[in-house]
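Student: Okay, predicted coordinates and the sequence, questions at the end:
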Amino acid sequence: MINTRLTKVPTGQSDNLLEVRNLVTAFDTDVGQLTAVDGVSFEVRKGQTLGIVGESGCGKSVTAMSVMRLLPQPMGKILGGDVFFDGVNLATLPRDEMRSIRGNRISMIFQEPMTALNPVHPIGKQICEVLTQHHDMNPDIAWGKAIEMLEKVGIPSPEIRVTEYPHQLSGGMRQRVVIAIALACGPELVIADEPTTALDVTIQAQILDLMKSLQRDLGMSIILITHDLGVIAETCDEVCVMYAGRVVERASAREIFAKPRHAYTQGLLHSIPRLNGTPKTKLNTIDGMVPALKDLKPGCRFAPRSERKHEQHHLEERPDFQEVGQNHWVEACPICVG
């Protein structure tokens, strides 16, 4: 077993497109500065999909916003760590240079398309805006490209739809438009934050199939943020399990589902309803809730919800991040991983 401090991320993969190392993000609040992302590290390989999974409030979206440098201002701050994208540290990049990357080489798909789209502009204009801003494209050429992108994401009659407004489209169609905007400039990395949450299961499957198909065609990498382990199993190559602002386990998707090591990961998997389960029995859950930011402990943060007894020092000392198998890393609280 190789033992390394939590603040050290395994590196050395030459095919990494994104490397996040020891990311720390905090917010200024009325009760002081609160840390929402606490020493998070992971990599995204070229052409692959990394899933970030965890309950609401675990820091998944804040991690994504930190990578994109879209934290609410002036409250949100990156206090430490590095975000290397193709060798460039986004965490320290000047705003103008970051603006040239955001929406161009790195794009984001938000979970609620009605808030991501501008209700007073036709969807064609919104796609064209991305193209003209980043590629200085002629408006007529951009309009043709907008129609092409709508066709690529599976919207029928794109030459008609391109003139319509968001409210004229169904939820599934609006999400396809958001994907078209995100992919218009041919990004190398797409961050999808709960892209199927507001959709019914049939449309969810269509959107996930669309994203996988586009990934194969365009060769892009994806960070998929979700609380749905079924989506993770279907789409991801590697998985980061987040809890209370930290990564508690990281491995290939196959390894996470076959050999989960952390008690929190085991609890999430145990909570998945089974088709062969006994009818009308109570669903498995993890008791309690993710702690509020002001209540976070320096040590094992899952201890208050764990069925296993922790001693006081487990709450006070931050566990090491250990490699427990090939490319299988875990926050090694001796009780949660014992």
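Tutor: Sure thing, it's come through.
Student: which residues touch Tyr293?
Tutor: Quick fix: residue 293 is Leu, not Tyr. Leu293 makes contact with Phe27, Thr29, Leu34, Thr35, Ala36, Gly245, according to CB atoms under 8 Å, 6 or more residues apart in numbering. In short, each C-beta sits where N, CA and C put it, glycine included.
Student: I figured the second one hits Met75, correct?
Tutor: Yes: using CB atoms under 8 Å, Thr29 is in contact with Met75, at 7.3 Å.
Student: Surely Val324 is in a helix?
Tutor: No: judged by DSSP: H, G, I helix; E, B strand; the rest coil, Val324 forms no part of a helix; its state is strand.
Student: filter the contacts of Leu293 to the buried ones?
Tutor: Among the contacts of Leu293, those scoring as buried are Phe27, Leu34, Thr35, Ala36, Gly245 (criterion: 16 or more other CB atoms under 10 Å).
Student: will you turn those into TSV that also has pLDDT?
Tutor: TSV is the format used below for these (pLDDT from 0 to 100):
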residue	pLDDT
Phe27	97
Leu34	96
Thr35	96
Ala36	97
Gly245	96
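Student: What about those residues, which are in strands?
Tutor: Those of the buried ones among the contacts of Leu293 mapping onto strands are Phe27, Leu34, Thr35, Ala36, per DSSP state E.
Student: With distance to Glu151 added, can I get the residues you listed in JSON lines?
Tutor: Compiled in JSON lines, those are given as follows (distance: CB to CB, whole Å):
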{"residue": "Phe27", "distance to Glu151": "41"}
{"residue": "Leu34", "distance to Glu151": "45"}
{"residue": "Thr35", "distance to Glu151": "45"}
{"residue": "Ala36", "distance to Glu151": "39"}
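Student: Can you name the two of these that sit furthest apart?
Tutor: Using CB to CB, those span at most 8.3 Å, a distance reached by Phe27 and Thr35.
Student: returning to that earlier point: among the buried ones among the contacts of Leu293, which one lies nearest to Pro298?
Tutor: When the buried ones among the contacts of Leu293 are compared against Pro298 (criterion: CB to CB), the nearest one is Thr35, at 10.5 Å.
Student: right, and that closest one touches Leu23 too?
Tutor: No: the pair Thr35 / Leu23 is not scored as a contact, 10.8 Å apart, by CB under 8 Å.
Student: related to what we said a few turns ago, would you point out the most distant pair within the contacts of Leu293?
Tutor: Greatest spatial distance in those: Thr29 and Gly245, 14.6 Å, computed using CB to CB.
Student: longest helix in the protein, by residue count?
Tutor: Looking across the chain with DSSP state H, the single longest helix is helix 201-218.
Student: which residues does Asp38 contact?
Tutor: Counted by CB under 8 Å, 6+ apart, Asp38 has contacts Val24, Gly59, Ala244, Gly245, Arg246, Leu296.
Student: for stretch 97-108, what is the average pLDDT?
Tutor: Averaged over stretch 97-108, pLDDT sits at 94.
Student: Show me what Ser252 bridges to in the sheet.
Tutor: Beta-bridge pairing for Ser252 (DSSP bridges): Glu238.
Student: what are the ranges of the helices in the stretch 201-338 of the chain?
Tutor: Per DSSP state H, counting those that start in this stretch, the stretch 201-338 of the chain carries helices over the ranges 201-218, 229-235, 253-258, 263-270, 312-316.
Student: In TSV, list those helices along with mean pLDDT.
Tutor: Formatted as TSV, the helices of the stretch 201-338 of the chain follow (pLDDT from 0 to 100):
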stretch	mean pLDDT
helix 201-218	88
helix 229-235	90
helix 253-258	96
helix 263-270	94
helix 312-316	92
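Student: and among those, the most buried is which?
Tutor: Ranked by mean neighbour count under mean count of other CB atoms under 10 Å, the helices of the stretch 201-338 of the chain are led by helix 263-270, which reaches a mean of 20.
Student: contacting residues for the spatially most central residue of the chain?
Tutor: Closest residue to the average C-alpha location of the chain: Ile225 at 3.0 Å, with CA atoms, centre = their mean. For Ile225, the contacting residues are Gly51, Ile52, Val53, Lys60, Ser61, Thr63, Ala64, Ile191, Ala192, Asp193, Glu194, by CB under 8 Å, 6+ apart.
Student: separation between His328 and Leu50?
Tutor: According to CB to CB, to the nearest Å, His328 and Leu50 sit 15 Å apart.
Student: What of Gln168?
Tutor: Relative to Leu50, and taking CB to CB, Gln168 is found at 35 Å.
Student: again with Ile286
Tutor: In terms of CB to CB, Ile286 sits 23 Å off from Leu50.
Student: Tell me which of those two has more neighbours.
Tutor: The neighbour count for Ile286 versus Leu50, taken as other CB atoms under 10 Å, is higher for Leu50 (23 against 18).
Student: would you say that one is within a strand?
Tutor: Yes: remark: Leu50 belongs to a strand, assigned using three-state DSSP.
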